[in-house]
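[1] Fold the following for me, if possible:
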Amino acid sequence: MPVATGTKVMKSELLEKEWYIESPWGRIALIAWGDCFDPPVLLCHGQVDSAACFRPLVKLLPRNYYYIAMELPGNGKSDPVPPGLMMSAYEILYAIKTVADHFRWESFIYIAHSLGTLLGKLYSLTFPGRISRIIDLDPTAAYYTVAPEQMPAWYKHYFTSYFDKYKKFISPKENAPKYTYEKAFSMMKKNRGLTDEATKTALERILEPAGKGLVRFTFDQRAKLITLPPLPPSYLKVLYTSIRTPTLSILAEDSIQDGAYKMADFVFVEDCERQYSVKRVPGNHDVHVSYPERIAPHIVEFLLKCNDLS
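    Numbers count the residues shown, from 1 in each chain. I've put the predicted structure just below:
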């Protein structure tokens, strides 16, 4: 059901448009919904995902915004970065800059999930004032911390393991394992804890036919190992609480129980001074795909509140 609000909502299917823009390394794939003359909202997915996973949520959001979901390098239908290079949050952050600069946005609203929320934090700090409002969907990656004694494990996880699996990471997608669609469906559903409908959505832009009735995943293998910055907990708090952009953080209860935020307790503390609010919703890390109706009312309320304050 559409979200009932005092503003226009998507009571019927919007025309969905898909296209590409150019970046220094190749094409960035986009999916858009709405009227391009309305205020822009950029949506950025998490690790090994696609823009399609925002479709269920966007259907429930106000109609008076222009929604553009981007696909990070090597994800969905976006081109990968050149072979052999490692991928870190700092490199793929440039994809967001490329999209914002392409549309010449002076400011835009940013909605992101998981890894995308970390990129939003880095973008806000690097290009202050460009993002007008932030909506974080279970921002587990954004609150990843590394204490000094954890540095050996951090290096081993990202750098040693990368070069140990170097041949796999540079191998073309044609060498990827092949599965029946049913097997790929079962793997995706189990790994991400999705509903059947959400699993279909998640697979939509990351599978291709591989011959003889089989399919293969098309995402860049390096997308599984995006290097996250090794920020100590105390510095992470100072850094993030310096962001004054109005922010809504929506946390999934399963992630909380799994300890995703145990080194960043400040994520639970609302702060009127820096216009930071937080909501907790039942579900797992991908609750925005499987149960968008649990997420949408909080986003609508936040957008309306920000409109009232502006």
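
[2] where do the strands sit along the chain?
    16-23, 26-33, 40-44, 66-70, 108-113, 131-137, 207-211, 214-217, 247-252, 276-281 (DSSP state E).

[3] from the middle of its chain, how far away would the last one be?
    This means strand 276-281. How far strand 276-281 lies from its chain's middle: 17 Å, per C-alpha atoms, centre = their mean, to the nearest Å.

[4] What of the shortest one?
    Relative to its parent chain, strand 214-217 has a centroid offset of 24 Å by C-alpha atoms, centre = their mean.

[5] which of the residues in that strand are buried?
    For strand 214-217, the neighbour count (16 or more other C-beta atoms under 10 Å) marks 215, 216, 217 as buried. Yep, even glycine has a C-beta here, placed from its N, CA and C like the rest.

[6] For residue 222, see how far away the second one is.
    For residue 216, the distance to residue 222 (C-beta to C-beta, to the nearest Å) stands at 16 Å.

[7] pLDDT below threshold where in the protein?
    Along the chain, segments meeting pLDDT under 70 span 1-13, 307-310.

[8] tell me the domain ranges of it?
    Residue ranges for the domains of the chain, per automatic domain parsing: 16-145+226-309, 151-223.

[9] Just the endpoints, please. Distance across the shortest one?
    Right, domain 151-223. 22 Å (C-alpha to C-alpha, to the nearest Å).

[10] Dead centre of the protein: give me the residue that sits there.
    Nearest to the geometric centre of the chain sits residue 45, at 2.3 Å (C-alpha atoms, centre = their mean).

[11] before we move on, back to that, what's the closest of the buried residues of strand 214-217 to residue 178?
    Using C-beta to C-beta, residue 216 comes nearest to residue 178 of the buried residues of strand 214-217, at 5.2 Å.

[12] for that closest one, what are its contacts?
    173, 176, 177, 178, 179, 207, 208, 210 (C-beta atoms under 8 Å, 6 or more residues apart in numbering).
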